[in-house]
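Peer 1: missing the sequence, but the structure's below:
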């Protein structure tokens, strides 16, 4: 009995539709699709939930959308080993609930987890706010199976937590935007779930932002996530103060969390923040909604960029972004990660403008943002940018090697051509 | 003197180049074996000199082997093809410590432990801690993706290396960093055992020293019950920062050497380290002790002072050295299995060793499922040597049969390269070869390592 087709979804990238959509049921079929496309000169973009199709550039041509959604099996999970191997089309929510059944987790921290897939999370190089504590997705990945453009199925790593056997190619496929291969299976090490998860949310009154942020960065009991949020009122499930809000996550024993809460209240109190709200019940849901904001677009009017950086310079980065956008005709919402250092900047326009004018305004604003922050990369878009804005910021020093790798893995340019940086 | 020697001296100066056989002898071996002499050994002082060495090697058609402290256990630093050995003895400095962002930039010759010593005053440390950390270099650690007892909770070298500076096959300097957009070349270079280029600086992540640390020791009647305790601790969702087992053979030897207080009548000792907030220590210890007792722990002891903790760890990390008391030679195997398979695999290891009439000592990173049977033998007895080789391969095959891998943290090197084909198909190996094609097309960097000799054929097939 054939499995149900993946539900209707958008495969368009920057407004460009795909040719045909194929949904292979297993890795052999993925390999077969790639082999055939490679021979025919068709370009293939692997698509999971499609939540991050707004990141990266549109492909130069786009004959085949390869849906991974049928690769949704849990291949191996002995919870006592603290390892799991899954098909990459599994949604992050399904993945998390399989793990939660045994009080384990893999903190991928991806927006729209009900739709986003494990494979898309890996391929897009997604970075969530708890990585300073738990590591990046690539740090929890212990093995992969990947279909290459010529139909080769290549394995790397394995199902054990320590492994130096051959090149660690799994990491190469992570954050490659599907330009080297299509990851069909991913093995992770899992973590035991801490006994408690608490969010504290504080609305920031006028004049408290910088001091509150600095005090949070100096906390003795470190939050697993620390986000300074300003804007995104359309998506967030909590109120902001005049200078935004501070959302902190704490995980651990009840005793540890109580201690953390006391020190947060004291640290924020001394910064002039009168009230810190505690969320225990529904903390996971509130955290998930906050993650959704990272890629929440204003339909027809916004582009969201991520600027990576170090925690020490986070506030400066934030100020630089504000100063850069202020003179433009665009507005700015921000999420500043005080532990990891990255800035999420949603640039949008208000008022009645046609698409052309919106694109022009956004393009100017992105240019202004990139003057002080050239590394800013596009994470989401509310409209087709049609080449007005390159999704990638400054090219890395090793771009030459990256181009050579692409040529060696995908000589015919079958896999998402042009979607990655530098035209890769 | 060879043309190669002359050109190297011209570029680096006579004091940085060795070509006399008596000077080269120390570069012919690592902790695995001794092999042929290199044609030259060089000790560059900076990255510019490394680029010159790589260019000269390319022009003269000579292979290059990068060498840290030479503590590798799999022949990774042995110049099996001769050529040039590049020693990092002079590139051993900390270039930068960024305490606020918890990062450091170091040269590859820096000794692992020196980094944690230098950052301790700022409340920071570098987490991967191979037993060799007093002598092994960070460059070598990067090459082998080194582990250590504390990798259980903190991860291995690859989880702590953020970026690298590399001299590539053209002799050009390339920087790669996890924070850059693009392919994660850092992730591929870590663990590539010097086959993709010469690393000349390393950006690492530092961690905050935990507020509280507790080291406990449980004794068991045998290794199997200690292993079962480890499986159950992990299975209960408790991940201490270290879970290490030593069997009776090992504890006897280390007790003689270190006087750490290991009871001589116990069949196995389990070392448990927990760390974190002071508030959590009692509850964590109680939960672990309860499981240990349920699995048959005979005793449970908590180290009361820093000195007591230090001696327990010194004994654990000095275990391989202490084995010298028991036999003229030992061979240490390194493989990893899923943690639930640990008791069964330990039982089989014991059978294999018995069948080959060998003695074994087990000291291992039990929490990671990372086995280290030390096979004791006498190199002067041909029967012993053959038995060790046979038992070693049977242990590897057993680990593979149980879903494990053939190296957890020591690397493949020269020793295990033929065994890699037991784990990966020729397509898998050829895919790895594609990366090599780009980064080391002439196969000049550390030839004969990692890949089976037969893999070359399939690489050629795949390429054609």
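Peer 2: Thanks, I have the structure now. Being a predicted model, the structure only gives us computed values, none of them experimental.

Peer 1: what residues are up against the closest residue to chain B within chain A?
Peer 2: Ranking the residues of chain A by distance to chain B (Cβ to the nearest Cβ) places residue A:171 first, at 2.7 Å. (C-beta placed from N, C-alpha, C; glycine too.) Residues in contact with residue A:171 (Cβ atoms under 8 Å, 6 or more residues apart in numbering or on different chains) are A:138, A:141, B:158, B:184, B:186-188.

Peer 1: Identify the farthest-apart pair in these.
Peer 2: A:141 and B:186 (14.1 Å; Cβ to Cβ).

Peer 1: Give me the neighbour count for the closest residue to chain A within chain B.
Peer 2: Residue of chain B nearest chain A, by Cβ to the nearest Cβ: residue B:187 (2.7 Å). Neighbours of residue B:187 under the rule other Cβ atoms under 10 Å in any protein chain shown: 28.

Peer 1: Skip the chain neighbours and tell me the closest residue to it.
Peer 2: Closest residue to residue B:187 in three dimensions, ignoring its sequence neighbours and counting by Cβ to Cβ, 6 or more residues apart in numbering or on different chains: residue A:171, at 2.7 Å.

Peer 1: Could you measure from the one you found over to residue B:47?
Peer 2: With the distance defined as Cβ to Cβ, to the nearest Å, residue A:171 ends up 24 Å from residue B:47.

Peer 1: before we move on, what about residue A:380?
Peer 2: Here the criterion is Cβ to Cβ. By it, residue A:380 lies 40 Å from residue B:47.

Peer 1: can you check residue A:246 too?
Peer 2: Counting by Cβ to Cβ, the gap from residue A:246 to residue B:47 is 43 Å.

Peer 1: OK, contacts around residue A:72?
Peer 2: Residue A:72 sits next to A:87, A:89-91, A:94 when contact means Cβ under 8 Å, 6+ apart.

Peer 1: just to revisit the earlier point, regarding the residue of chain A closest to chain B, what is its secondary structure?
Peer 2: At residue A:171, secondary structure determined by DSSP: H, G, I helix; E, B strand; the rest coil is helix.

Peer 1: got a list of what the residue nearest the centre of chain A touches?
Peer 2: By Cα atoms, centre = their mean, the mean C-alpha position of chain A lies nearest to residue A:126, the distance being 3.1 Å. With Cβ under 8 Å, 6+ apart as the criterion, the residues that contact residue A:126 are A:52, A:108-110, A:120, A:137.

Peer 1: Now tabulate the residues you listed in JSON lines and tack on pLDDT.
Peer 2: Putting the contacts of residue A:126 into JSON lines (pLDDT from 0 to 100) gives the following:
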{"residue": "A:52", "pLDDT": "97"}
{"residue": "A:108", "pLDDT": "98"}
{"residue": "A:109", "pLDDT": "98"}
{"residue": "A:110", "pLDDT": "98"}
{"residue": "A:120", "pLDDT": "98"}
{"residue": "A:137", "pLDDT": "98"}
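
Peer 1: Just the element for residue B:163, please.
Peer 2: When secondary structure is defined using DSSP states H and E, the element that contains residue B:163 is strand B:161-167.

Peer 1: Which other helices and strands does that strand contact?
Peer 2: Identification of packing neighbours for strand B:161-167 by 3 or more Cβ pairs under 8 Å, 6 or more residues apart in numbering or on different chains; DSSP states H and E yields helix B:47-60, strand B:173-177, helix B:185-189, strand B:198-205.

Peer 1: So what's the model's average confidence on that strand?
Peer 2: For strand B:161-167, mean pLDDT is 98.

Peer 1: Next, the angle strand B:173-177 makes with it.
Peer 2: Strand B:161-167 and strand B:173-177 meet at an angle of 170 degrees, taking axes from the mean of the first three to the mean of the last three Cα atoms, to 10 degrees as the criterion.

Peer 1: Export the contacts of residue A:72 as TSV, with columns for pLDDT and distance to chain B.
Peer 2: Formatted as TSV, the contacts of residue A:72 follow (pLDDT from 0 to 100; distance: Cβ to the nearest Cβ, whole Å):
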residue	pLDDT	distance to chain B
A:87	98	18
A:89	98	22
A:90	98	21
A:91	98	24
A:94	98	21
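
Peer 1: List the ones among those that fall in strands.
Peer 2: residue A:87 (DSSP state E).

Peer 1: ok, of the contacts of residue A:72, which come out buried?
Peer 2: Buried by 16 or more other Cβ atoms under 10 Å in any protein chain shown: A:87, A:89-91, A:94, out of the contacts of residue A:72.

Peer 1: which among those gets closest to residue A:39?
Peer 2: The shortest gap between residue A:39 and any of those belongs to residue A:89, at 24.2 Å (Cβ to Cβ).

Peer 1: Surely that closest one and residue A:119 touch.
Peer 2: Yes - counting by Cβ atoms under 8 Å, residue A:89 sits close enough to residue A:119 to count as a contact (6.2 Å).

Peer 1: okay, and for the chain, where does confidence drop off?
Peer 2: Using chain A. Judged against pLDDT under 70, the low-scoring parts of chain A cover residues A:1-9.

Peer 1: you looked at the wrong chain, it should be chain B
Peer 2: Across chain B, the ranges flagged by pLDDT under 70 are B:34, B:455-464.

Peer 1: so what are the domain limits for it?
Peer 2: With automatic domain parsing serving as the domain definition, the record reports that chain B contains domains spanning B:3-87, B:94-208, B:211-325, B:327-412, B:417-454.

Peer 1: Give me the sheet partners of the strand holding residue B:163 and which way each runs.
Peer 2: Strand B:161-167 has the following sheet partners, assigned by DSSP bridges: strand B:173-177 (antiparallel), strand B:198-205 (antiparallel).

Peer 1: mind listing what the closest residue to residue A:21 other than its chain neighbours touches?
Peer 2: Taking Cβ to Cβ, 6+ apart, and ignoring the residues beside it in sequence, residue A:21 has residue A:65 as its nearest neighbour in space, at 4.6 Å. Shown in contact with residue A:65 (Cβ under 8 Å, 6+ apart): A:11, A:18-22, A:44-45, A:47.

Peer 1: who's in contact with residue B:341?
Peer 2: Residues touching residue B:341, when contacts are defined by Cβ under 8 Å, 6+ apart, comprise B:369, B:402-404.

Peer 1: Apply 10 Å and report the result again.
Peer 2: With contact set as Cβ atoms under 10 Å, 6 or more residues apart in numbering or on different chains, residue B:341 has these partners: A:78, A:81, A:160, B:227, B:231, B:348, B:369, B:398-399, B:401-404.

Peer 1: So which of the residues you listed are in helices?
Peer 2: Among these, the ones falling in helices (DSSP state H) are B:227, B:231, B:348, B:398-399, B:401.

Peer 1: ChimeraX command to pick out the buried ones of those residues?
Peer 2: Applied in ChimeraX, the following selects the buried portion of those according to 16+ other Cβ under 10 Å:
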select /B:227,231,348,398,399
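
Peer 1: from the ones in helices among the contacts of residue B:341, which are also near chain A?
Peer 2: With Cβ under 10 Å from any Cβ of the partner chain as the criterion, the subset of the ones in helices among the contacts of residue B:341 in contact with chain A comprises B:231, B:399.

Peer 1: Rebuild the ones in helices among the contacts of residue B:341 as TSV, extending it with distance to residue A:401.
Peer 2: Listed next are these as TSV, based on distance: Cβ to Cβ, whole Å:
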residue	distance to residue A:401
B:227	43
B:231	42
B:348	43
B:398	39
B:399	34
B:401	38
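
Peer 1: for the ones in helices among the contacts of residue B:341, which one is nearest residue B:80?
Peer 2: For these, with residue B:80 as the reference and Cβ to Cβ as the criterion, the closest is residue B:399, at 25.3 Å.

Peer 1: what are the bridge partners for the residue nearest to the closest one when sequence neighbours are not counted, then?
Peer 2: Spatially, and ignoring its direct neighbours in sequence, residue B:399 is nearest to residue B:335 (4.0 Å; Cβ to Cβ, 6+ apart). Note on residue B:335: beta-bridge partners by DSSP bridges are residue B:371.

Peer 1: same question, residue B:18
Peer 2: Counting by DSSP bridges, residue B:18 is bridged to residue B:41.

Peer 1: For it, give its distance to residue B:32.
Peer 2: Here the distance between residue B:18 and residue B:32 works out to 22 Å (Cβ to Cβ).
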